[in-house]
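Asks: the following comprises the amino acid sequence and a computationally predicted model.
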Amino acid sequence: MCGRTGGVVLESTSEIVSLIANRENLYRLLSRFYRIEIDEAFLCQLEGMTFPEDCNDADLAEGYKMLTEWLLSPNEDPLTNLAVDYARVFLGAGIFEGPVAYPYESVYTSKERLIMQEARDQVLAIYRAKGLERIATFEVPEDHVSIELEFMSHLCREAREALLAGDPARAVVSFKEQREFLDNHPLKWIPAFCADIEACATSDFYLAVAKMTRGFLNMEQSIIEELVEETMAAL
């Protein structure tokens, strides 16, 4: 996934479906980065990936570039080093003062900067309204960054399946749900969260992840608007 469509008209349903699938996959990838430490299987998967070199968003382009360079030249014992950095950045291990990127919306949107606050209750209600009692297999509050990103991936999949089933009206409903959730939750706190990652991460790996996340989300509003317009034109 790289850049928005640049104003180019998506001429066919297959092009729209392809764009949605790219978004779905990138949301899922970003979710995995934050869910748990990087293990050998995921690292091998990353080593088999290729990332775009040119993007309309500077942060996304730089993130892809940094991640590619890190994968080509990882330091000695990369899994251990990444585990240490994960614990430092997201759990605050070894940090006694200064920023920590705690991966919960509540920490960034509540006055007390505590977990399990109003944001958690809000997203939980949204998930349940979609028939999702739980969309993660690990036990963390539902406003964890990986779960919010996974939910966006779920909404992308709904829209893609609606188009493949010949139901553009249902796809438009999904796009609008994506836009509403994005505006009311991820965009309200993840940019600040990414800035905190950049302030305390020691590995280029997690610096790259922060840039990729912020850059992609920066483009999403425009992408969703274009998807709505193109799909409604097909109604």
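Replies: That came in fine, so what should we check first?

Asks: low-confidence ranges in the protein?
Replies: 1-11, 96, 134-138 (pLDDT under 70).

Asks: could I get the full set of strands for it?
Replies: With DSSP state E, there are no strands along the chain.

Asks: which parts of the longest helix out of those in the chain are buried?
Replies: Longest among the helix segments of the chain by residue count, using DSSP state H, is helix 204-232. Neighbour-count burial for helix 204-232, counted by 16 or more other C-beta atoms under 10 Å, picks out 204-220, 223-224, 226-228, 230-231. (Each C-beta comes from the backbone N, C-alpha and C, glycine too.)

Asks: for stretch 53-70, same thing?
Replies: 55, 57, 59-68, 70.

Asks: and what of stretch 139-152?
Replies: Those buried within stretch 139-152 under the rule 16+ other C-beta under 10 Å are 140-152.

Asks: again, but for stretch 80-90
Replies: In stretch 80-90, counting by 16+ other C-beta under 10 Å, buried: 81-82, 84-86, 88-90.

Asks: residues contacting it, please?
Replies: Stretch 80-90 is contacted from outside by 34, 36-38, 75, 93-95, 100-103, 197, 200-203, 205-206, using C-beta atoms under 8 Å, 6 or more residues apart in numbering.

Asks: among the buried residues of stretch 80-90, which are in helices?
Replies: Going by DSSP H, the helices hold 81-82, 84-86, 88-90 from the buried residues of stretch 80-90.

Asks: report the distance from stretch 25-39 to the chain centre.
Replies: Here the centre of stretch 25-39 is set off from its chain's centre by 8 Å, with C-alpha atoms, centre = their mean, to the nearest Å.

Asks: circling back to that earlier point, helices - which of the contacts of stretch 80-90 land there?
Replies: Per DSSP H, those map to helices at 34, 197, 200, 205-206.

Asks: farthest-separated two in these?
Replies: 34 and 200 (14.5 Å; C-beta to C-beta).

Asks: who's more crowded, the two?
Replies: residue 34 (23 against 17; other C-beta atoms under 10 Å).

Asks: ok, that one touching residue 103?
Replies: Yes. Between residue 34 and residue 103 a contact is recorded at 5.7 Å, counting by C-beta atoms under 8 Å.

Asks: residues bridging contact with those two, i.e. touching both?
Replies: Shared contacts of residue 34 and residue 103, counting by C-beta under 8 Å, 6+ apart, come down to 90, 144-146.

Asks: before we move on, back to that, how about TSV for the buried residues of stretch 53-70, with distance to residue 181 added?
Replies: Shown next, in TSV, are the buried residues of stretch 53-70 (distance: C-beta to C-beta, whole Å):
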residue	distance to residue 181
55	24
57	20
59	21
60	20
61	26
62	26
63	23
64	25
65	29
66	28
67	26
68	30
70	31
